[in-house]
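[1] model this:
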Amino acid sequence: VSTQSTGKELAKVQSEEERLRKELSATEKEEKRRDLAARQREKVLAFKEKKQKEEEERRAREREEAKHQKSLRTVSSSDLLRLHQNNMKLVEKKQQREQEKIVAEFEQRERLERLKPRIEAKSDPGRLLQKTKGQINREKDRSSTVNPTIGSRGMPSRAVPSWRAGL
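    Numbers count the residues shown, from 1 in each chain. Down below sits the predicted model:
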């Protein structure tokens, strides 16, 4: 009887041990799941904090950029005034040059009108009928060579070119 009871007790103890192991493994699994969930929550919170910091930094950069743009606009308005003044000076100089040009043209025309009566243009229609110097010289040459000579002496000679003069 005792072996049966010890066998039953042993089976009972083993089943109890098995049940406790299952409970322990279930509690360990539950703890692991809780730890995993806690780590995930921590990661999510860290990610949210990181995103918030990035968003704050972006907003700060946008504010700085807006301030910079505003300062540029104020600078550009003063620059616009300066540019407008420079443009007005350039326009005045251009108008002054054009006016001086017109005055110079008027003075030149006036001077020419005063000088025109002093100039006398003579027309000599006889000069158109006179012989040129070339024609006169050719006639002299023809008249001087009335008695041609025979041989090479009668041939006209050319002058020695300057590049052969020293040879």
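
[2] where does this protein dip in pLDDT?
    1-2, 75, 145-156, 165-167 (pLDDT under 70).

[3] Would you map the helices across it?
    Remark: helices assigned in the chain by DSSP state H are 2-115, 133-144.

[4] could those helices be laid out in TSV, adding distance to Val160 and mean neighbour count?
    C-betas here are computed from N, CA, C, even on glycine. As requested, the helices of the chain are arranged in TSV below (distance: least, CB to CB, whole Å; neighbours: other CB atoms under 10 Å):
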stretch	distance to Val160	mean neighbour count
helix 2-115	52	10
helix 133-144	21	10
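
[5] Now those helices in JSON lines, please, with extra columns for distance to Arg127.
    Output for these, formatted as JSON lines (distance: least, CB to CB, whole Å):
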{"stretch": "helix 2-115", "distance to Arg127": "25"}
{"stretch": "helix 133-144", "distance to Arg127": "13"}
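
[6] Of those helices, which is nearest Pro125?
    For the helices of the chain, proximity to Pro125 was assessed by CB to CB; helix 133-144 is nearest, at 18.6 Å.

[7] Please put the alpha-carbon coordinates of the closest one into PDB.
    Provided in PDB are the C-alpha atoms of helix 133-144 (Å, rounded to 0.1, in the frame of the first residue of the first chain):
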ATOM      1  CA  LYS A 133      49.900 116.700-117.300                       C
ATOM      2  CA  GLY A 134      50.100 113.000-118.400                       C
ATOM      3  CA  GLN A 135      48.700 113.900-121.800                       C
ATOM      4  CA  ILE A 136      51.100 116.800-122.100                       C
ATOM      5  CA  ASN A 137      54.200 114.700-121.200                       C
ATOM      6  CA  ARG A 138      53.200 111.900-123.700                       C
ATOM      7  CA  GLU A 139      52.900 114.500-126.400                       C
ATOM      8  CA  LYS A 140      56.400 115.800-125.600                       C
ATOM      9  CA  ASP A 141      57.900 112.300-125.700                       C
ATOM     10  CA  ARG A 142      56.300 111.600-129.100                       C
ATOM     11  CA  SER A 143      57.500 114.900-130.500                       C
ATOM     12  CA  SER A 144      61.000 114.400-129.300                       C
END
